[in-house]
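Q: Need a 3D model of the following:
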Amino acid sequence: MIIIRAFIGIDFPDDIKSRILEYQQSLRKYASKGRWKYVDNFHLTLKFLDEINTSQKEKLDEAMKTMVHNIKPFSLSISDLGIFKGKKDIRVLWLGLSGDIPNLKALQKIIDDMLEPIGFQPEKRSYTPHITIGQDILFKWDFDKIKSEVIKPDFSPIKVENIYLFKSEQIQNKRVYTKVSEYKFS
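A: Numbers count the residues shown, from 1 in each chain. Next comes the predicted model:
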């Protein structure tokens, strides 16, 4: 019974990840401290699962493969820079999304509903789709001033045609996300 820490999410093409990295780098010079996400870890979480065992993974794979047959591809765009505040600093610095948000939120809700019978509790908070680019950030200036100073790159639309089960692990003091299963839409 192997146990892994896992989540279901959307991965991005390398060109989008490179553009996100450029934007992240342009923001770093305004920070006096923070933890910045590694380029390969840029993703959109749909469902955090915590730790799962082999039996749960098999049930999850079966449920997800059935569910994706009814899902049609959709498009998203990176559209905004936002924060989740902490006590003294910015707990999460993120990129927001636009495009087919109703389908994205419906997908997240379907995943929540489908996985509850196999032991995964639904999310209690409302779903705020975002791409985390940094955590525990302390900027030298007010966030709104920095947001207006930095030129946002032009992001091309992202076609979402599949989702993944990711394994999350700590390797040599670095968080690494590895795709474990792929679920292609119809």
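
Q: Doesn't Ile110 belong to a helix?
A: Yes: assignment of Ile110 by DSSP: H, G, I helix; E, B strand; the rest coil places it within a helix.

Q: what's the burial count for the nearest residue to it once chain neighbours are set aside?
A: Of all residues not flanking Ile110 in the chain, Met67 sits nearest, at 6.1 Å (C-beta to C-beta, 6 or more residues apart in numbering). The C-beta positions use only the backbone N, C-alpha and C, and glycine is treated the same way. Residues lying near Met67 (other C-beta atoms under 10 Å) number 18.

Q: ok, now Leu115?
A: Neighbours of Leu115 (other C-beta under 10 Å): 21.

Q: The host helix or strand of it: which residues count as buried?
A: Here Leu115 sits within helix 101-115, counting by DSSP states H and E. Buried residues in helix 101-115, defined by neighbour count with 16 or more other C-beta atoms under 10 Å: Asn103, Leu104, Leu107, Gln108, Ile111, Asp112, Met114, Leu115.

Q: which residues of the protein fall in helices?
A: Assigned by DSSP state H, the helices in the chain fall at 14-28, 54-67, 101-115, 143-149.

Q: Using a markdown table, please lay out these together with mean pLDDT and distance to Glu123.
A: Shown next, in a markdown table, are the helices of the chain (pLDDT from 0 to 100; distance: least, C-beta to C-beta, whole Å):
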| stretch | mean pLDDT | distance to Glu123 |
| --- | --- | --- |
| helix 14-28 | 95 | 24 |
| helix 54-67 | 94 | 16 |
| helix 101-115 | 96 | 6 |
| helix 143-149 | 91 | 26 |
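
Q: can you pull the pLDDT of the residue nearest the centre of the chain?
A: Nearest to the mean C-alpha position of the chain, by C-alpha atoms, centre = their mean, lies Leu44 at 2.2 Å. Leu44 carries a pLDDT value of 98.

Q: With Ile151 instead?
A: In this model, Ile151 carries a pLDDT of 83.

Q: just the strands in the protein please.
A: 3-11, 31-36, 43-53, 74-85, 90-99, 130-139, 158-160, 162-171, 174-184 (DSSP state E).

Q: Report the angle between the first one and strand 130-139.
A: The one in question is strand 3-11. Orientation of strand 3-11 against strand 130-139 (axes from the mean of the first three to the mean of the last three C-alpha atoms, to 10 degrees) gives an angle of 100 degrees.

Q: Are there helices or strands packed against strand 3-11, and which ones?
A: Contacts defined by 3 or more C-beta pairs under 8 Å, 6 or more residues apart in numbering; DSSP states H and E place strand 3-11 against strand 43-53, helix 54-67, strand 162-171, strand 174-184.
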